[in-house]
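In: Coordinates for the following, if possible.
(2 chains)
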2 protein chains.
Amino acid sequence: MRIAILLFERVTVLDAIGPYEVLRQLPDAQVVFVGERVGTVRDESGGLGLTVDAPLAEVTNPDVVLVPGGPGQSDHMTEGPVHAWLRAVDRTSTWTTSVCTGSLILAAAGLLRGRRAATYWLAVDALAALGAVPSRERVTFDGKYVTAAGVSSGLDMALALAGRIAGDRRAQGIQLGIEYDPQPPYDAGSPATAPTDLVHAQRAGSRFR
Amino acid sequence: MRIAILLFERVTVLDAIGPYEVLRQLPDAQVVFVGERVGTVRDESGGLGLTVDAPLAEVTNPDVVLVPGGPGQSDHMTEGPVHAWLRAVDRTSTWTTSVCTGSLILAAAGLLRGRRAATYWLAVDALAALGAVPSRERVTFDGKYVTAAGVSSGLDMALALAGRIAGDRRAQGIQLGIEYDPQPPYDAGSPATAPTDLVHAQRAGSRFR
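Out: Predicted coordinates for the structure are as follows:
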């Protein structure tokens, strides 16, 4: 089970790490963090450096491909090495997945045309403009394409995917192992439940306006 | 608001990254990943490299200190540079915090004696043996000591801490920004809800037996 997680400058690190913590525990999982250049990339706020261990050209046939999002997504919306790599690995992947605005990259590469897909709540219109059908769900399966909503939703996506790959028991064991029994102290995690003025303020400040 | 997150070899990366994604969004937050040596450490499964940007000696008075856990915790249970640093920064910190078995490191450094503290569900007895009073809660505040249960609980801890530091509205805004509206596909995230045989199997395989 070869799992490739794409990294790039200004990635939202939790988009990648939530699923990583789950998927690396699948039977015989071999995870590789892949990017345009081997070396360190910095996350969206610059506070953390993450290591890209393999260049795109060396990761040719992963079973699972995961594309995170973040402000750096905007650097990967036009033809280039990342799009070419995504289309190439998608030809043989068992699952092609994304978290947050990672689905915009998949869509821009031409992989989500006409497909139902989730994305960050502020990016729903941007996803539609790229030819996908926004689901407004937290996790969406459409064939082998599995897409998650914003940032933290990658945990839910990865557990659901772990269940498909290795069965419910294994996924439950992973959930217990990471003690994922969420108890958020507020109920503000979606535009449907957050205070209305916060929703308006984040819409007004969004780079997708 | 200077926030220091400790890294070490074989850290459980989500322990550090869940809180990081929340706390880095606090007003005027400056996050530094600190460790015994500047450079790359690998997470518990070796799949990911993370950059330590500052050595312990250069991080002298953070406002918030965060200690993650993971198998590498066992390398930091005796006197050494990490314990000395933790005691030093704790003297001036506003908040001293941990996720998962990070509380064992804090306790071994002498900082949780007689204090209520949370930890990974498999490490409750180990925490008690170090002189703390295990809370069996997901997030525990005891004065300025804020400790979280296993791995993913760092998200809940950090949002609660963000509320204390910057107010409920700011914390809610962060929660909306990371779309933290958890919908786990299973209800197996705590020993109270997971299938009993999974709980027994993980107890039997635990390094804390």
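In: And for residue A:133, the neighbour number?
Out: For residue A:133, the count of nearby residues is 14 (other Cβ atoms under 10 Å in any protein chain shown). Just so you know, the C-beta spots here come from the backbone N, C-alpha and C atoms, and that holds for glycine as well.
In: Quick check, it in contact with residue A:116.
Out: Yes. Under the criterion of Cβ atoms under 8 Å, residue A:133 makes contact with residue A:116 at 4.8 Å.
In: At the geometric centre of chain A, which residue do we find?
Out: The centroid of chain A falls nearest to residue A:99 when counting by Cα atoms, centre = their mean (2.1 Å).
In: was I right about that residue contacting residue A:146?
Out: No. Contact criterion Cβ under 8 Å: residue A:99 and residue A:146 do not qualify, at 9.7 Å.
In: Now for those two: what residues contact both?
Out: Common neighbours of residue A:99 and residue A:146, counting by Cβ atoms under 8 Å, 6 or more residues apart in numbering or on different chains, are residue A:157.
In: Identify the residues contacting the nearest residue to residue A:109 once chain neighbours are set aside.
Out: Leaving aside its sequence neighbours, residue A:109 sits nearest to residue A:83 (Cβ to Cβ, 6 or more residues apart in numbering or on different chains; 4.1 Å). With contact set as Cβ under 8 Å, 6+ apart, residue A:83 has these partners: A:76, A:105, A:108, A:109, A:110.
In: doesn't residue A:83 fall inside a helix?
Out: Yes. Under DSSP: H, G, I helix; E, B strand; the rest coil, residue A:83 falls within a helix.
In: Before we move on, what's the pLDDT of it?
Out: Predicted confidence (pLDDT) for residue A:83: 98.
In: Can you name every helix or strand that the lengthiest helix in chain A contacts?
Out: Taking DSSP state H as the criterion, chain A has its longest helix at helix A:153-166. Applying 3 or more Cβ pairs under 8 Å, 6 or more residues apart in numbering or on different chains; DSSP states H and E, one finds that helix A:153-166 contacts helix A:13-23, strand A:95-98, strand A:139-142, strand A:145-148, helix A:168-177.
In: Mean neighbour count for those - can I get that in JSON lines?
Out: Converted to JSON lines, those look like this (neighbours: other Cβ atoms under 10 Å in any protein chain shown):
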{"stretch": "helix A:13-23", "mean neighbour count": "29"}
{"stretch": "strand A:95-98", "mean neighbour count": "26"}
{"stretch": "strand A:139-142", "mean neighbour count": "20"}
{"stretch": "strand A:145-148", "mean neighbour count": "28"}
{"stretch": "helix A:168-177", "mean neighbour count": "21"}
